[in-house]
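Colleague: Provided below for reference: sequence and predicted model.
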Amino acid sequence: MIILIFVLFPFFSGMLLSLIINKGERSAAGIFLCGFFTLFSVFEICSIPCMLMKKDADYIACVFFVVMSVLSIIGALCFMFRIGTDGFKGFLSIPAFKKDNMSGYIFALMFFVMFALQMYAAIIFRSVGRDDAEDISSAFTVAIYGIYKRDLFTGNYTAVSSLPDLYHILIAVFLRLTGLPMEELLYQVLTPLFMTVMYLICFETGKLLFKDKNNLWLFMLIFSLINLFGGYSEHTREYHMMRTSWSREALSEGIVIPALLFVMILIAHEEAAKREGGEDYEARVRVNGLFALIFLINLTALCGGIISAAETLFYTMIMISAAAVCVKKPLLIFGGAFSVLPSGLAMLYAMSENGGYLKAGNVFTAFSKYSGSGAMMVVFFAALIFIHYSASPDHIKRLLVGGSIAVVLFLFFPGVYRLILRLGGEDAYNNMWCMLPISTGLSYAATGLVSEHRLNGLIMTASALFLCGSIVYGGFEIKPSEKEAKNSTLFIREKEGEGELRVAFTDELLPYVRMNDPYFILPYGDSDRERGNTFRELMNEERVNFTELALPCRIYGVSYVVLPKGRLARGGGSDAGFIKAGETDRYAIYAFGER
């Protein structure tokens with residue numbers, strides 16, 4: 001089922017869009033990318049009407065599966081027909097190296113080693129924050145309770161909303177279709193899928209930027225290194241893609257935005273070639289078909305929520321305007337305006353739902369949170385200057401340099417800052433800076449530098465990464481919290497069986513509990529005000545006072561309390577009603593009340 005949903009469905013359904021876009025040969029990677037965005041777009045088209053009709057996740061999964069099956073069957077028939085008429089080589093293009101140059105093989109080998117290491121690290125180094133835990137627990141509860149999700153901090157049920165909860169429903173649908181546990185779905189399926197798609201987009205972009213296949217693999221290698229050194233801030237595309245590869249931020253910033261950049265480069269490349277070739281030029285792609293792809297990318301962005309939709313809307317219009325200026329074809333803007341209709345409608349809906357601006361700092365403070373020390377941003381703008389004065393094609397220079405400058409000016413505009421604050425807060429604005437094509441721009445400039453100056457270029461590139469970047473996994477420790485949370489929940493379940501329980505955990509365990517057991521209610525009240533909750537403060541004191549802790553436990557109906565073994569206690573635990581029921585390697589589990 002996993003191969004069917006995440007491999008065969010995208011490939012064969014992508015064949016339909018590929019036939020619309022390409023006139024000649026097409027790559028297998030390009031077909032799969034078309035199918036990937038078709039997969040997510042079909043989910044959204046199926047899920048929103050079902051939610052409006054109050055259908056549950058099982059119903060949505062059934063409709064989604066049927067529609068994708070039909071599209072894939074039609075795509076498979078088209079594939080076999082075209083292979084029969086044009087032949088395999090006439091239909092699919094296969095990348096090849098220069099036979100007289102081994103550097104391409106070396107760069108390719110180094111890239112695939114780097115890719116394998118990053119894949120391993122993304123699966124092993126699981127970084128779970130509060131937002132990630134909320135996404136996971138909401139998806140859990142949607143899969144269990146149908147059209148309702150449950151806040152595990154309060155126990156309250158709320159009906160799912162068509163836009164904010166799309167990603168939760170998406171994960172719930174995948175859970176239903178695959179039958180996998182949540183942990184395996186996120187880290188063994190979605191993480192490899194999203195990382196593979198990200199590098200496929202990079203590969204297709206590199207084919208447009210470089211005619212020399214050896215430079216293409218050098219570009220891929222440098223791109224993978226920049227991903228590794230993108231930990232200078234927690235808001236960068238690289239940080240989200242490497243640390244939480246399955247998350248909605250990884251989808252919007254690591255896949256949607258690079259895919260849009262690739263399409264814009266392809267449009268500019270095609271229009272520039274058409275203008276230079278005149279009447280003798282034979283178009284390889286249909287530009288109108290590319291706008292259909294942009295439309296599907298915008299639909300995919302909605303799965304990531306309103307901020308992803310806003311980011312996609314702004315980026316599409318900025319870059320399509322830059323492309324129109326590059327190739328001197330203003331009509332492209334109208335095609336872009338049609339393509340962003342899904343994101344535009346989503347923004348109008350969100351603005352009607354949200355009122356009032358949120359209080360926060362200024363634009364420069366928010367930018368500093370994204371850029372970290374600012375050293376990598378300096379290197380990026382130096383790379384843009386290098387690209388501007390290099391021998392690159394004019395449309396590439398204008399698109400990368402002009403588009404980046406337009407993004408910076410747009411994000412520094414005060415009205416944009418206030419709008420994003422209204423939609424999603426300051427963290428959302430910080431993430432909007434991922435519209436800057438830092439990885440692609442730096443990789444393109446570094447590849448040109450190394451190919452022209454060899455050793456000197458390599459030294460300059462390596463120095464810039466080591467001195468200005470920060471390793472994504474730097475300072476990351478594999479903490480025992482996930483294992484301890486799982487062992488604690490399993491112990492309590494063995495004692496109590498299935499069903500709802502109210503259990504109090506300390507802060508470091510909360511995200512992992514929300515990931516593992518959607519039936520545990522964490523009795524800390526409203527999650528938006530949980531930091532000031534007296535109950536939570538008592539749980540996280542250096543010296544736990546069992547006498548004081550007993551009162552909120554009795555009020556909120558707590559059955560178990562899980563505390564670190566080494567934490568000193570005040571007051572008699574047994575006298576206050578706490579009885580030690582068991583322990584894990586690092587935590588003690590106390591039962592409260594009459595057992």
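Modeller: On my side now, so go ahead. Residues are numbered from 1 along each chain as shown.
Colleague: Tell me which residues are up against the strand or helix carrying residue 301.
Modeller: Per DSSP states H and E: residue 301 is located in helix 287-302. By CB atoms under 8 Å, 6 or more residues apart in numbering, the residues outside helix 287-302 that reach it are 17, 20-22, 34, 37-38, 40-41, 44-45, 163, 166, 251-252, 255-256, 259-260, 263, 266-267, 270-271, 308-309, 311-313, 316, 332, 335-336, 338-343, 346. Bear in mind the C-beta positions are built from the backbone N, C-alpha and C, glycine included.
Colleague: any idea of the mean pLDDT in it?
Modeller: Helix 287-302 carries an average pLDDT of 88.
Colleague: Okay, helices next: where are they in the stretch 301-450 of the chain?
Modeller: Counting by DSSP state H, counting those that start in this stretch, the stretch 301-450 of the chain has these helices, from start to end: 306-327, 332-339, 341-353, 363-371, 375-389, 394-397, 403-412, 414-424, 426-432, 438-453.
Colleague: between those helices, which one is nearest to residue 210?
Modeller: Set against residue 210 and scored by CB to CB, the helices of the stretch 301-450 of the chain come closest in helix 438-453, at 7.0 Å.
Colleague: and the residue nearest to residue 22 when sequence neighbours are not counted, how many neighbours?
Modeller: Sequence neighbours aside, residue 285 is the residue nearest to residue 22 in space, at 5.8 Å (criterion: CB to CB, 6 or more residues apart in numbering). Residue 285 has 20 neighbours, counted by other CB atoms under 10 Å.
Colleague: Quick one: residues contacting residue 285.
Modeller: 21, 22, 23, 266, 270.
Colleague: could I get those as JSON lines with distance to residue 55, neighbour count and pLDDT?
Modeller: Below are the contacts of residue 285 laid out as JSON lines (distance: CB to CB, whole Å; neighbours: other CB atoms under 10 Å; pLDDT from 0 to 100):
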{"residue": "21", "distance to residue 55": "33", "neighbour count": "23", "pLDDT": "84"}
{"residue": "22", "distance to residue 55": "37", "neighbour count": "20", "pLDDT": "75"}
{"residue": "23", "distance to residue 55": "41", "neighbour count": "12", "pLDDT": "68"}
{"residue": "266", "distance to residue 55": "38", "neighbour count": "22", "pLDDT": "89"}
{"residue": "270", "distance to residue 55": "42", "neighbour count": "20", "pLDDT": "82"}
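Colleague: and of the residues you listed, the nearest to residue 147?
Modeller: So of the contacts of residue 285, ranked by how close each gets to residue 147 (CB to CB), first place is residue 21, at 36.5 Å.
Colleague: does the closest one really touch residue 267, like I thought?
Modeller: No. Applying CB atoms under 8 Å, one finds residue 21 not in contact with residue 267, separated by 11.0 Å.
Colleague: Do you know the pLDDT at residue 477?
Modeller: In this model, residue 477 is scored at 53, pLDDT.
Colleague: Can you tell me which residue is spatially central in the protein?
Modeller: residue 250 (1.4 Å; CA atoms, centre = their mean).
Colleague: pLDDT score assigned to that residue?
Modeller: With respect to pLDDT, residue 250 scores 87.
Colleague: I'd say it and residue 194 touch.
Modeller: Yes. Applying CB under 8 Å as the test, residue 250 and residue 194 come out as touching, 5.4 Å apart.
Colleague: overlap in contacts of the two?
Modeller: residue 241.
Colleague: hang on, residue 261 packs against residue 438?
Modeller: No. Look at residue 261 against residue 438 with CB under 8 Å: they stay out of range, at 11.1 Å.
Colleague: Helix, strand, or coil at the residue nearest to residue 171 when sequence neighbours are not counted?
Modeller: Among residues not flanking residue 171 along the chain, residue 139 sits closest, at 3.7 Å (CB to CB, 6+ apart). Secondary structure, DSSP: H, G, I helix; E, B strand; the rest coil: residue 139 is helix.
Colleague: So what's the residue count around residue 139?
Modeller: 26.
Colleague: which residues does it contact?
Modeller: So residue 139 contacts 167, 168, 169, 170, 171, 172, 175, 182 (CB under 8 Å, 6+ apart).
Colleague: which one of those sits closest to residue 1?
Modeller: residue 175 (11.7 Å).
Colleague: with the contacts of residue 139 in mind, which one is nearest to residue 121?
Modeller: For the contacts of residue 139, the nearest to residue 121 is residue 182 (20.5 Å; CB to CB).
Colleague: what's the neighbour count on that closest one?
Modeller: When neighbours are defined as other CB under 10 Å, residue 182 has 19 of them.
Colleague: Hmm, residue 136 and it touching each other?
Modeller: Yes. With contacts counted by CB under 8 Å, residue 182 reaches residue 136, the gap being 6.3 Å.
Colleague: which residues are common contacts for the two?
Modeller: 171, 515.
Colleague: shaky segments in this protein?
Modeller: Applying pLDDT under 70 to the chain flags the ranges 23-25, 84-101, 126-131, 161-164, 277-283, 350-361, 474-480, 525-533, 568-573, 594-595.
Colleague: And whichever helix in it runs longest, what does it pack against?
Modeller: Taking DSSP state H as the criterion, the chain has its longest helix at helix 57-86. Contacts defined by 3 or more CB pairs under 8 Å, 6 or more residues apart in numbering; DSSP states H and E place helix 57-86 against helix 9-21, helix 28-52, helix 166-178.
Colleague: Identify whichever of those lies nearest to residue 481.
Modeller: Comparing the helices and strands packed on helix 57-86 under CB to CB, the one sitting nearest is helix 166-178, at 21.8 Å.
Colleague: Give the next helix or strand downstream of that closest one.
Modeller: Assigned by DSSP H and E, the successor of helix 166-178 is helix 182-184.
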